[in-house]
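>>> have a look at this fold, sequence not included:
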């Protein structure tokens, strides 16, 4: 019976959960963007709630992105530190895979998860209702023509923190929207599948899937 610690920090929501044999038994969530100060305490709390330590777990599964540069760095570094210290394997799953798993039931032809990438750009791809990824993940600027082919075939669910801002643009009657952030609570079946398949990551060399290069900007605030 696998015990897997789940960490998701790719968007505004910081979430940590513990799953045992595919069932979430403890979790913590916070959407105040305090990932750096909350992730490690959340890990400690969900473990202590069940009387466990990190070394009692079989693996750690982390959301690898795409998403926030800072959030992904916090989540991945925490997961790698836990794996290294406890001597347990590292698993990883995509943040868009998690969103697809969170889709509400419906007669969808396609599921399109979207993570906000500022302005009218999102990180996105297309999934079948069964959770099969049908296209490569890519950044996309949303226009009135976006996903026209999918919408012409039937109902499409757009899900994620980037979905709501696209509602005024994607005005097809076939489009439905579910605003949410990827949550560690939805990672359990994905983590369990990775565990069963022994899809372990290299703890030393694993990096988040940033999708785009980080661009530093100069602050306009006057310091003196």
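Alright, I've got the coordinates. These numbers come from a predicted model, not from an experiment.

>>> CA atoms for contacts and neighbours, from now on please.
OK.

>>> just checking, what packs against the longest helix seen in the chain?
In the chain, assigned by DSSP state H, the helix with the most residues is helix 69-86. In terms of contacts (3 or more Cα pairs under 8 Å, 6 or more residues apart in numbering; DSSP states H and E), helix 69-86 is packed against strand 3-8, helix 35-49, strand 59-63, strand 90-93.

>>> run the last query once more with 7 Å
helix 35-49, strand 59-63 (3 or more Cα pairs under 7 Å, 6 or more residues apart in numbering; DSSP states H and E).

>>> quick check: the most centrally placed residue in the chain vs residue 53, distance?
Nearest residue to the geometric centre of the chain (Cα atoms, centre = their mean): residue 95, 2.6 Å. Using Cα to Cα, to the nearest Å, residue 95 is found at 26 Å from residue 53.

>>> what segments of this structure are strands?
Counting by DSSP state E, the chain has strands at residues 3-8, 14-20, 23-30, 59-63, 90-93, 110-116, 121-124, 138-141, 156-159, 175-178.

>>> which strands or helices does the second one pack on?
In terms of contact count using 3+ Cα pairs under 7 Å, 6+ apart, strand 14-20 is assigned the packing partners strand 3-8, strand 23-30, helix 35-49.

>>> any chance of the ones you listed in TSV, plus mean pLDDT and distance to residue 190?
Listed next are the helices and strands packed on strand 14-20 as TSV, based on pLDDT from 0 to 100; distance: least, Cα to Cα, whole Å:
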stretch	mean pLDDT	distance to residue 190
strand 3-8	98	10
strand 23-30	98	11
helix 35-49	98	19
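
>>> next, format these as JSON lines and append mean neighbour count.
Converted to JSON lines, those look like this (neighbours: other Cα atoms under 10 Å):
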{"stretch": "strand 3-8", "mean neighbour count": "30"}
{"stretch": "strand 23-30", "mean neighbour count": "18"}
{"stretch": "helix 35-49", "mean neighbour count": "18"}
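
>>> tell me which of the ones you listed lies nearest to residue 128.
Of all these, it is strand 3-8 that lies closest to residue 128, at 22.9 Å by Cα to Cα.

>>> can you give the strand pairings for that closest one, parallel or anti for each?
strand 14-20 (antiparallel), strand 59-63 (parallel) (DSSP bridges).

>>> end-to-end on stretch 124-138?
First residue to last in stretch 124-138 (Cα to Cα) measures 6 Å.
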